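Participant: here are the coordinates; sequence isn't available:
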C-alpha cells in the first residue's frame, strides 16, 4: 500500500540527514544560544530515518513475512553499493595511515595482514571510512531482528507500548555509541524507534483519530521544548558515549521521536504530490550514499567561508541544498544510464 505522506516524510528525513552532515563544512560557528538551537534541531535525522524504516516494514513486509526473502531484499539493496563505494576511501585511509578513533585502524605490526587486511576489515565492519556509512552495517544487524519485531507486533497493544517505553528509557540513558562504531550499541539505541514506526503503521487509523485537529502541534511544541532544554544545557548535536557510562538524558532522542510523530501526522493531513519530494524520496538511499562523497570532496577543497553570521547561515542552507540536488541528479542520471544495474552501485 502506497501512502504519499510517508513518501514525503522520506524526503524530509534525508534532508535532515544531509543538513546535519553539512554543518562541519559550511563554516557555521556556534557562538550564540540560537545558533546551537538550530544545530540541534537539524541534527539527529537518523531517528527519523529509522522510524520510517520501521513503518515501511509493517506496511510492506509484515503480512507475508519470510525472513530469508526480507533480509535478502534489504541486504542486496544496501550491501553492494556499500562494498563498492567503500573501496576507494578505505584504500586511501590505509595509505595515509589515518589516525581517527584513537588509532584504532592503524596497523599493529608488520606484514600484509596487519598493514592492509585487518585495517580494511575494520573499516568495512564499522563504516568509519565515510560520513554516515556506519548506518549500513548497523541496518544489516538491525534487520536480523525482524523475526523478533514480527513476534512483538503480534502481541497486544498494552504489551507493545510498555515495551517501547521501557526500551526508550534505556535509549535515553545509553545514548549513541562513540563514533557510531559499536553497532550492537546502536541497535539497542534505535530498536525502540524502529518498533515505534512499525506500531504507528499497525495502528495508523487509531493514531490519526487520536491526534485529529491541532493536537499534532502539541507534539511539535514538545519537540521544540526538548531542543530548548538540550541547548540550555550546552549540548550540541547527537549524544555519544560508551554504553555503560552515565552522562544524563539524551534529549535528542526525545526531540526526534516527537518530531517523527509530528511530521507523520502533518503529512497525513496536508501531504500532496510534489515532483521534488517524489524524486528525493525515490532516490533517498542513493542520496544517502552519494552526499558523503560530495562533503568529502568539498571539505578537501578548503574554500573560504563567509565571515558574517547571516552570510554563514545562508551559505550553510545553500550548500546543503546543493549537496541534496547534486546527489539526487547523479542518482537519476546513473539510473537512466544503467537502468536496474544502478541499484548495485548507488542503491537506486
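Facilitator: That came in fine, so what should we check first? Note that the structure is a prediction, hence the values are computed from the model and not measured.
Participant: residues touching the most centrally placed residue in the chain, list them.
Facilitator: Closest residue to the average C-alpha location of the chain: residue 46 at 2.4 Å, with CA atoms, centre = their mean. Counting by CB atoms under 8 Å, 6 or more residues apart in numbering, residue 46 makes contact with 17, 135, 190, 238. Placement of C-beta: from N, CA and C, glycine included.
Participant: again, only this time at 10 Å
Facilitator: Each residue near residue 46 by CB atoms under 10 Å, 6 or more residues apart in numbering is listed here: 13, 16-17, 20, 132, 134-135, 138, 176, 180, 186, 189-190, 193, 238, 252, 256.
Participant: Residue 146 too?
Facilitator: Counted by CB under 10 Å, 6+ apart, residue 146 has contacts 57, 61-62, 65, 67, 70-71, 74, 194, 198.
Participant: Can you lay out those as CSV showing pLDDT?
Facilitator: Putting the contacts of residue 146 into CSV (pLDDT from 0 to 100) gives the following:
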residue, pLDDT
57, 95
61, 91
62, 92
65, 92
67, 94
70, 93
71, 94
74, 90
194, 98
198, 97
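Participant: Just to be sure, which of those are found in helices?
Facilitator: Of the positions in the contacts of residue 146, 67, 70-71, 74, 194, 198 sit in helices, assigned by DSSP state H.
Participant: Next, count neighbours for the nearest residue to residue 67 once chain neighbours are set aside.
Facilitator: Of all residues not flanking residue 67 in the chain, residue 147 sits nearest, at 5.6 Å (CB to CB, 6 or more residues apart in numbering). Residue 147: 12 surrounding residues under other CB atoms under 10 Å.
Participant: what helix or strand is residue 147 on?
Facilitator: helix 146-153 (DSSP states H and E).
Participant: ok, and for the helix or strand following that helix, which residues are buried?
Facilitator: Using DSSP H and E, the helix or strand that follows helix 146-153 in sequence is helix 157-174. Across helix 157-174, burial judged by 16 or more other CB atoms under 10 Å covers 160, 163-164, 167-168, 171-174.
Participant: Which of those sits closest to residue 291?
Facilitator: residue 171 (26.1 Å; CB to CB).
Participant: Residue 193 is in contact with that closest one, correct?
Facilitator: Yes - counting by CB atoms under 10 Å, residue 171 does reach residue 193; the two are 7.7 Å apart.
Participant: Need the overlap of contacts for these two.
Facilitator: 47, 253, 257.
Participant: Now tabulate those residues in a markdown table and tack on neighbour count and distance to residue 109.
Facilitator: As requested, those are arranged in a markdown table below (neighbours: other CB atoms under 10 Å; distance: CB to CB, whole Å):
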| residue | neighbour count | distance to residue 109 |
| --- | --- | --- |
| 47 | 26 | 40 |
| 253 | 25 | 40 |
| 257 | 25 | 45 |
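Participant: Just the ones of those in strands?
Facilitator: Among these, DSSP state E puts none in strands.
Participant: need those in JSON lines with pLDDT, can you?
Facilitator: Listed next are those as JSON lines, based on pLDDT from 0 to 100:
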{"residue": "47", "pLDDT": "98"}
{"residue": "253", "pLDDT": "98"}
{"residue": "257", "pLDDT": "98"}
